[in-house]
Structures are given as C-alpha cells and as structure tokens.
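Colleague: Quick one, fold the following:
(one chain, ligands or ions: 2)
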Amino acid sequence: MGISRQEDVTTCLSCKAVLLNEHLPACKTCMTNNNNYELSTDVSDVVVLCGASGDLAKKKIIPTLWWLFRDDLLPSNIRFVGYARSKMTVQNLREKTEPFMKLKDSEKAKANKFFDSMSYVQGSYTDKSAFEKLNKEILGLPNGCNANRVFYLALPPTVFADVTRNIHDACMSKCGWNRVIVEKPFGRDFDSSAELSNHLAGLFREDQLYRIDHYLGKEMVQNLLVLRFANRLFGPIWDRNNIASVMITFKEPFGTKGRGGYFDQFGIIRDVMQNHLFQVLSLTAMEKPVSNNADDIRDEKVKVLKCIKPLTLDDMVLGQYVGDPEGEGEAKEGYLDDATVPKGSVTPTFALARFNISNERWDGVPFILKCGKALNERKAEVRVQFREVPGDIFTPGVVKRNELVMRVQPNEAVYCKMMTKTPGMNVEPIETEMDLSYNMRYKDVKMPDAYERLILDVFTGSQLNFVRSDELSEAWRIFTPVLHQIEGEKVKPIPYKFGTRGPVEADDFVKNAGFHYSSTYKWVNPNL
Ligand SMILES: NC(=O)C1=CN([C@@H]2O[C@H](COP(=O)(O)OP(=O)(O)OC[C@H]3O[C@@H](n4cnc5c(N)ncnc54)[C@H](OP(=O)(O)O)[C@@H]3O)[C@@H](O)[C@H]2O)C=CC1
Ligand SMILES: O=C1O[C@H](COP(=O)(O)O)[C@@H](O)[C@H](O)[C@H]1O
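Modeller: Ligands and ions are numbered 1, 2, ... in the order given. Have a look, this model is predicted:
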C-alpha cells in the first residue's frame, strides 16, 4: 500500500482521499500508514455488479452506470463486470437493460462503447472457485492488477453472506482500493441487522462499506444540511421554543402492483419508515456538526437517534388498503386481493408514528412520520410547523401557524407558508407563501437521479450519503420492539380505501399530537 502521485495531486491508494502534505504519511480518512510512497499511473477502475441478471440491476444500476458513463463522470478507463448465476452474455444484458436506459439515437455509438467495456461472468454465489474465476477476469482486464474495485451487491439477502465472504476471500484488489455497495434490507430487526453488521465488519473496514439509502441521494434531502446550517434565518428558530411539530411524509399513489408477496415480508415500516424517513428525521433534527465532513455529520445523526425511545403502539396508526370498486385499474384491488399476498395478512401498507426527541432542543415537539402505499398522490416532504405568534393582535382565528415545507418530490420546492396583509383595501392578514420552486428558479439545471449521485460518491470515496453501522443499529433499536409486537400479536391494521389520504384515524391522531391543519390555505400556481 502506498501513495499514488498523479501530477500535483497526491492520493492515498487505500481510500483515494486527497492527501495534503501535512497529512503524510498517515491518511486522515482511512488511517492507512502510507510511508512508502510509490508513483503509480493509469490505475483503472472496475465495477463488479453481483446480481447482474436481476431486476435492480436491469432497472436501476446498469442504467445509472450508463448515465454516468454517457456524461463522462466515471474514470475514463472504467470497466464493468456483470456476475450472476444465469447463463447469459453481455448482449443478453444489453437487451434486458436498454428499455430502461432512456437511450437517444445520437447516443448509440457511446452505448456501444459502454457495453464494449462490459464483460459477464457466470458463477454460483456460494462457490469460492467461481469468485476466483471472477477475480481472474478482473486481473485479465487492461491494468486489472492495479485496478480499484467497486463491488455492487444487487442481490437478495439470502445470498448476501456467501457473496461477501467470497468477495473478501477471492476478489479483493491487492493494489487499488476496494469498496462494497450494499443494498437494503440491512436485516429485519435489531438482532439480524447486528448479525449482518458483524459479518461485514469481519470482512471489510467500515470505510470500504457503502450502505445505500437512496433517499440520501435526493436533492432536497441533501439540501437539508444547507438550508439548516447556511441560513441565519432558520438556525436560531430551529427548536422547541419556536417549532410546534415536524411532519415527514411519504405517499405513493400505487399499491403493490402484483409484487405484494415480496412487500409482505417487510411491510411499510421496514420498507420506508425505518430507513428513508428516519434518515430524513435525523438530518432535520441533528445538532450542527463540527464540520461537513462525513463522519462529523454521521456522528450527529447517531447522537440524535440516541435521544429517541423505542416506539410503542400507542404512538402509531397502522393501515392496510382495500380496493375502491369505483376506482380504475389497480385501484379496484385491495392489498389482500393481490394473489401473491398471504391470505389474511395483517401487514401494514400505511403507518404513522410519533417520536419524541428527548434533548434540550426538541423535547415535547412531536416528530410525526407518515408513509403509505395506494394513497391519493405521490409526495415526499418535510413540514415544519411553527408555534402561534404570542399576543395575537388580529381577528381571532385569522392568523395561522407558519409552515416551512421542503418538498422532496415531485417537483422539488421549498416554501414557507406565512401571513401577509390582504393586498388592496383589505387590512386583514391572509395566508400566502414564499416559494422556491426549483423548476422555475433553476430552469436549466438537470437534476441527477439519486443513484447517480450516490454511485459517483463511491468513486470519490465520500461516505457522507451512506448509512453507517451505528446509525443502523440505533434505528433498529427504536423500531424492533414494536415490529415484534405487531407481528407477534397480529395487530390488525385499519382498512383505508385505495386512492385516499389513508385512515381518518391518522388525521385525528396528528390533531391530538399538536399538528394544526388549516383548511383555509389556497395555493395559486404561478405557472398557470
Ligand atoms: N412551490 C410549490 O409548488 C407550492 C405548491 N403548493 C401546493 O399547494 C397545495 C397546498 O399546500 P400545502 O402545503 O399542502 O397546504 P395545505 O394547508 O393545503 O395542506 C397541508 C397538509 O395538510 C395535510 N392535510 C390535508 N387534509 C388534512 C386533514 N384533514 N387533517 C390533517 N392534515 C391534513 C395534507 O398532507 P397529507 O395529505 O400528506 O396528510 C397537506 O399536505 C399543495 O398541493 C402544495 O403542493 C403550495 C405552495 C408552494
Ligand atoms: O425503497 C423504496 O423506495 C421506493 C420509493 O422510492 P422513490 O424514490 O420512488 O420515492 C418504494 O416504492 C419502495 O417500496 C421502497 O422499497
């Protein structure tokens, strides 16, 4: 192991961090002792996609690699190796993947180059000798011996342990760095997740592990850090003295689309709340990190999770969708009508939960997380509702609470619901908004897909937007008891109709929790 010096940039060969002279010989990022530098040129990079024949690879990972390749964002000498059990060729992979690549006619030549840079190795997931064959394939690539290796595990959890062990035993680069991208589920509960973490920790260093939560790759989720810590406007009022409630919402307007059998093993709490929404919660609630360095930020995320007690059923509303006889297409079907869902399943497709963060900043402020499938719209947002203005001097009931809404999707926006004087002769306050709609303010900016950002981060060695093992174990600590109770006692979810806002009980719950819904706010779309 040593240091690679390319022109005037010196990088650690272990983790690729840029080393400034004062850091030598130890790399501050990965702590490798780089005391015997060597000059190295032409280190190539190889992405190994385990599970290349699968759905995730076809629909998401290969198209994402293509977009990055198309836009010249990957290292110029990049090579891709697909690995899976199926007997297939690169041409077969191409035919399966192209429908998801949004390929333009003008891009055909570049797409040929992309697939020319790809090879495919067929092999079992359990057999070490198959991984030795994979390693030989990598070593046989131009400069393969020096190559940095990214292993993308697009695999079901059942083969995860074998594959990671075999990668470790047979496929690690001896000269370049090795990084392993891991997809959820990261276990089913505290114990299984800890088992998985221990298994991985026995094979790889934490700085080699990139646990993907794709919500961390979304523009507005990444923006939370900037909105909170680069604005004097928000920092001083971001606390229990000024904020009445925080609502974090995820809604999808479709159901399980015939894949309920898969969904049923997890349910909406594991599918969305414990991971995506909890990541958003920790970024919204954490203290200001010492710096914007990945570990300083992740330290703060862990600290805030440590202030949350395990969730209980008293703080939840669970729902399951039923078909709407008047609805169209999938909407006619309820969750239990999906032939792949076990009969009588009580798996929730909607969940609302209230959390208290017992620290000086937040104690008493309800953090309400709400997520569901088969609802009335597609939406993900963070809604911060402020307390009433003390000593109201206007007509009672007219002044409504301010809200700051950070809309993650669709159409990224940050808007602040506020009061203004009714324009014209009327002097009464009226609800309005300060509106930062991205499609108006940043018309020409192409918003990258979450996976594009995250895969690129892996190449640059930035772990900021990846889940650290201690974050994961804190999240499971909070959710495991109630998940076990729901499953053990077969807690019945409340039925709600496909295409609605979920069970009405959820609205009663949030009202009692302290969220004020003002039905009087009317938004006028300035685009119209
Ligand atoms: N830049 C932009 O694009 C802007 C767009 N708008 C749009 O204007 C519309 C209204 O704005 P919005 O901020 O939602 O304000 P509203 O006051 O209309 O709604 C606030 C939220 O309250 C929830 N809600 C609805 N009914 C109830 C109920 N009975 N009890 C409790 N909660 C309820 C809804 O969330 P849920 O259904 O998730 O529970 C809703 O999102 C939205 O479509 C919004 O996207 C507004 C401002 C700027
Ligand atoms: O991880 C998951 O996320 C998707 C929603 O992702 P989005 O980027 O479209 O918001 C969800 O449909 C899926 O059930 C879940 O596993």
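
Colleague: so Asp392 is in which element?
Modeller: In the assignment (DSSP states H and E), Asp392 maps to no helix and no strand.

Colleague: Next, count neighbours for it.
Modeller: 12 (other Cβ atoms under 10 Å). Heads up, the C-betas are built off the backbone N, CA and C, glycines and all.

Colleague: Next: Thr340.
Modeller: Applying other Cβ under 10 Å, we find 12 residues neighbouring Thr340.

Colleague: before we move on, what about the one 10 residues further on?
Modeller: When neighbours are defined as other Cβ under 10 Å, Phe350 has 28 of them.

Colleague: Can you show me the strands along the stretch 151-300 of the chain?
Modeller: Using DSSP state E, counting those that start in this stretch, the strands of the stretch 151-300 of the chain run over 178-182, 209-211, 243-251.

Colleague: Could you confirm whether the first one reaches ligand 2?
Modeller: Spelled out, it's strand 178-182. No: Strand 178-182 lies out of reach of ligand 2 by Cβ under 6 Å from any ligand atom, never closer than 13.8 Å.

Colleague: now for that strand, which elements pack on it?
Modeller: Using 3 or more Cβ pairs under 8 Å, 6 or more residues apart in numbering; DSSP states H and E as the contact test, the elements touching strand 178-182 are strand 148-153, strand 209-211, helix 450-460.

Colleague: Using PDB, list the CA coordinates for it.
Modeller: C-alpha atoms of strand 178-182 as PDB (Å, rounded to 0.1, in the frame of the first residue of the first chain):
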ATOM      1  CA  ASN A 178     -11.900  -2.000  -2.700                       C
ATOM      2  CA  ARG A 179     -15.400  -0.600  -2.000                       C
ATOM      3  CA  VAL A 180     -18.600  -2.600  -1.500                       C
ATOM      4  CA  ILE A 181     -22.000  -1.100  -2.100                       C
ATOM      5  CA  VAL A 182     -24.700  -2.800  -0.100                       C
END
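
Colleague: I'd like to know which residues of this protein are adjacent to ligand 2.
Modeller: Residues of the chain lying near ligand 2 (Cβ under 6 Å from any ligand atom): His214, Glu252, Asp271, Val272, Ala380.

Colleague: check contacts around the third one.
Modeller: It refers to Asp271. By Cβ atoms under 8 Å, 6 or more residues apart in numbering, the contact set of Asp271 is Phe263.

Colleague: How about Val163?
Modeller: Contacts of Val163 (Cβ under 8 Å, 6+ apart): Cys50, Tyr125, Leu153, Leu155.

Colleague: so which of those residues is the most crowded?
Modeller: Going by other Cβ under 10 Å, Cys50 tops the contacts of Val163 with 29 neighbours.

Colleague: tell me, how many neighbours does Ile237 end up with?
Modeller: For Ile237, using other Cβ under 10 Å, the count is 14.

Colleague: check contacts around it.
Modeller: So Ile237 contacts Ile243, Phe386 (Cβ under 8 Å, 6+ apart).

Colleague: Report the separation between it and ligand 2.
Modeller: With distances taken as Cβ to the nearest ligand atom, to the nearest Å, Ile237 is found 29 Å from ligand 2.

Colleague: Specify which member of the residues of the chain next to ligand 2 is nearest to ligand 1.
Modeller: Of all the residues of the chain next to ligand 2, Ala380 has the smallest distance to ligand 1: 9.7 Å, by Cβ to the nearest ligand atom.

Colleague: is it true that Asn465 touches Gln222?
Modeller: Yes: counting by Cβ atoms under 8 Å, Asn465 does reach Gln222; the two are 7.0 Å apart.

Colleague: Tell me which of these two has more neighbours.
Modeller: Remark: of Asn465 and Gln222, Asn465 carries more neighbours, 24 against 16, as counted by other Cβ under 10 Å.

Colleague: Distance of the residue of the chain positioned farthest from its centre relative to Asp191?
Modeller: Taking Cα atoms, centre = their mean, the residue of the chain most remote from its mean C-alpha position is Met425, at 48.7 Å. Shown here: Met425 relative to Asp191, a distance of 67 Å by Cβ to Cβ, to the nearest Å.

Colleague: Can you tell me the element the residue lying closest to Thr97 once chain neighbours are set aside falls in?
Modeller: Closest residue to Thr97 apart from its sequence neighbours, by Cβ to Cβ, 6 or more residues apart in numbering: Ile62 at 4.5 Å. Secondary structure assignment for Ile62, by DSSP H and E: helix 62-70.

Colleague: Can you name the residue of this structure nearest ligand 2?
Modeller: For the chain, Cβ to the nearest ligand atom, closest residue to ligand 2: Asp271, 4.6 Å.

Colleague: from memory Asp392 sits against Arg401, does it?
Modeller: No: counting by Cβ under 8 Å, Asp392 does not reach Arg401; the two are 11.4 Å apart.

Colleague: Give me the phi and psi for the residue nearest to Leu216 when sequence neighbours are not counted.
Modeller: What sits nearest to Leu216 in space, not counting adjacent residues and going by Cβ to Cβ, 6+ apart, is Asn465, at 4.0 Å. Main-chain dihedrals, Asn465, degrees, to the nearest 10: phi -100, psi 30.

Colleague: do Phe367 as well
Modeller: phi -100, psi 110.

Colleague: Please report how far it lies from Lys400.
Modeller: 21 Å.

Colleague: what ranges of this protein fall below the confidence cut-off?
Modeller: Counting by pLDDT under 70, the chain shows low-confidence ranges at 1-43, 528.

Colleague: repeat that for 80
Modeller: Counting by pLDDT under 80, the ranges of the chain that qualify are 1-43, 527-528.

Colleague: Domain parsing of it, as residue ranges.
Modeller: 45-183, 216-447+468-513 (the TED database).

Colleague: Can I get these in a markdown table including distance to Leu454?
Modeller: Shown next, in a markdown table, are the domains of the chain (distance: least, Cβ to Cβ, whole Å):
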| stretch | distance to Leu454 |
| --- | --- |
| domain 45-183 | 8 |
| domain 216-447+468-513 | 4 |
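
Colleague: do you know which of the ones you listed lies nearest ligand 1?
Modeller: domain 216-447+468-513 (3.7 Å).

Colleague: near ligand 1 at all, that closest one?
Modeller: Yes: if you take Cβ under 6 Å from any ligand atom as the test, domain 216-447+468-513 does meet ligand 1, through Thr249, Lys251, Val405, Asn411, Ala413, Tyr415, Glu433, Asp435, Ser437, Arg501, Asp507, Val510.

Colleague: Tell me the backbone dihedrals of the fourth one, please.
Modeller: Which is Asn411. phi 50, psi 90.

Colleague: Nearest residue to it in space, please, no chain neighbours.
Modeller: The nearest residue in space to Asn411 (Cβ to Cβ, 6+ apart) is Asn439, at 5.7 Å.

Colleague: helix/strand/coil for that neighbour?
Modeller: Per DSSP: H, G, I helix; E, B strand; the rest coil, the secondary structure class of Asn439 is helix.

Colleague: ok, now how distant is it from Lys446?
Modeller: 12 Å.

Colleague: Settle it for me: which of these two has more neighbours?
Modeller: Asn439 (13 against 6).

Colleague: my read: that one touches Arg407, true?
Modeller: No: using Cβ under 8 Å, Asn439 makes no contact with Arg407, being 11.3 Å away.

Colleague: ok so, going back, surely the residue nearest to Thr97 meets Leu49?
Modeller: Yes: applying Cβ under 8 Å, one finds Ile62 in contact with Leu49, separated by 7.2 Å.

Colleague: can you list the residues that contact stretch 414-426?
Modeller: 220, 223, 227, 399-400, 402-407, 427-437, 521.
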